[in-house]
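Chemist: quick one, structure for this:
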Amino acid sequence: MTTAFRFILCLAFMAAAAACSRTTPMPMDSGAIPAVLQARQTLPQHFTGRAVLTLPENLPPGGTLQLAYAVSHTRGIRIAALSPMGTPVMEMTAGPDQAAIRDSETGKIHRAASLSAITRRLMGLSLDMDELSRLLAGEIPLPRWTSVVYDGPSTFLLVDGRHVQARIALDESGEILRMERLRRRAVLYTLTTLSDNPRVWEIESGEYILRLRIRQITPADPIDPSVFRLTTLSPPLLPTRKA
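Modeler: Here you go, the predicted structure:
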C-alpha cells in the first residue's frame, strides 16, 4: 500500500468520524417553526445569574468583566461588575421608572434616562429590558418576523418583509443546532456555543463586538424590591460568589 493511498484512507476515515460525531438535522415542517420558537420564549419571573462579558479594547474599560445579576419581571434588572475578589466595583439598576449606575469606589449614583442609555454607555449598544432579560436568562432574543422560508434541510430563514432577520437550523425536537446573523434592530447576534449551559453570544453593533458567556442561571422566589434601588449606602448584595 503506497503512502499516498494510506493518506487518502486516513482522510476518509477522519471525515466519516467527524460526520458521525455531529448532530444531523432532521426534517421539520416550516409551519411548525413559529410554535417551536415561541415555546422557547418563556422566562422565569425572577432569577439570578452569573456571566462573563468581554469588551473590545476600544470600549473602556475593555477586557473581561465578571457579572452577577438579579432580574425580576415586575421590578427590573440589577447587574454588578465584580472585582477579582468578588466584590462589586460598579452596579447598575433599571426598572419601569428609573435607571442608574453606582460607582462602588466613590459611592456616587449617576441617573440615566433609560436602560438603553446605560447599555449604550457601558456596552456600546442599546438594549431594552426585554432584550437584556432574555440574554441574561440564557434565552434567545428572537427578532420580529412575518414569515418562515425554507432554506435547506431543517434550515429556515426568519423573514420580516423583504429582510432576513435570522438563519436557524433545528433538529426534529426543535432544539437549535445553529443560529447565524440574528438581527434585532441595529444589533447582530451570533450563537457561538449551542449548548444551553453555557450559552455564548457574539454581539455586534457598529464598531463594537462583545462576547457574553452565561455561566449560571438560578430561578428565584420573588426578590426583595430593595435590591433594585441603588443608594449611597451599601446596598443589599447580589449573589456575587459561587455557591
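Chemist: all strands of the protein, in order?
Modeler: Secondary structure of the chain (DSSP state E): strands at 46-55, 63-72, 76-82, 88-95, 98-103, 109-111, 147-150, 155-160, 163-170, 176-184, 187-193, 199-205, 208-219.
Chemist: with respect to burial, which of these scores highest?
Modeler: strand 76-82 (a mean of 23; mean count of other Cβ atoms under 10 Å). The C-beta positions use only the backbone N, C-alpha and C, and glycine is treated the same way.
Chemist: partner strands of that one and their direction?
Modeler: strand 63-72 (antiparallel), strand 88-95 (antiparallel) (DSSP bridges).
Chemist: any idea which of those strands gets closest to T155?
Modeler: strand 63-72 (32.0 Å; Cβ to Cβ).
Chemist: just put the strands of the chain in JSON lines and tack on distance to M129.
Modeler: What follows is the strands of the chain, written out as JSON lines (distance: least, Cβ to Cβ, whole Å):
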{"stretch": "strand 46-55", "distance to M129": "14"}
{"stretch": "strand 63-72", "distance to M129": "9"}
{"stretch": "strand 76-82", "distance to M129": "7"}
{"stretch": "strand 88-95", "distance to M129": "7"}
{"stretch": "strand 98-103", "distance to M129": "10"}
{"stretch": "strand 109-111", "distance to M129": "17"}
{"stretch": "strand 147-150", "distance to M129": "27"}
{"stretch": "strand 155-160", "distance to M129": "21"}
{"stretch": "strand 163-170", "distance to M129": "20"}
{"stretch": "strand 176-184", "distance to M129": "13"}
{"stretch": "strand 187-193", "distance to M129": "14"}
{"stretch": "strand 199-205", "distance to M129": "16"}
{"stretch": "strand 208-219", "distance to M129": "16"}
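Chemist: how about the strands paired with strand 76-82 in a markdown table, adding distance to S226 and mean pLDDT?
Modeler: Output for the strands paired with strand 76-82, formatted as a markdown table (distance: least, Cβ to Cβ, whole Å; pLDDT from 0 to 100):
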| stretch | distance to S226 | mean pLDDT |
| --- | --- | --- |
| strand 63-72 | 11 | 91 |
| strand 88-95 | 11 | 87 |
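Chemist: put together CSV for those strands, with distance to I203 on each row.
Modeler: Below are the strands paired with strand 76-82 laid out as CSV (distance: least, Cβ to Cβ, whole Å):
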stretch, distance to I203
strand 63-72, 14
strand 88-95, 17
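Chemist: circling back to that earlier point, among the strands of the chain, which comes closest to M123?
Modeler: Distance to M123, taken as Cβ to Cβ, is lowest for strand 208-219 among the strands of the chain, at 6.1 Å.
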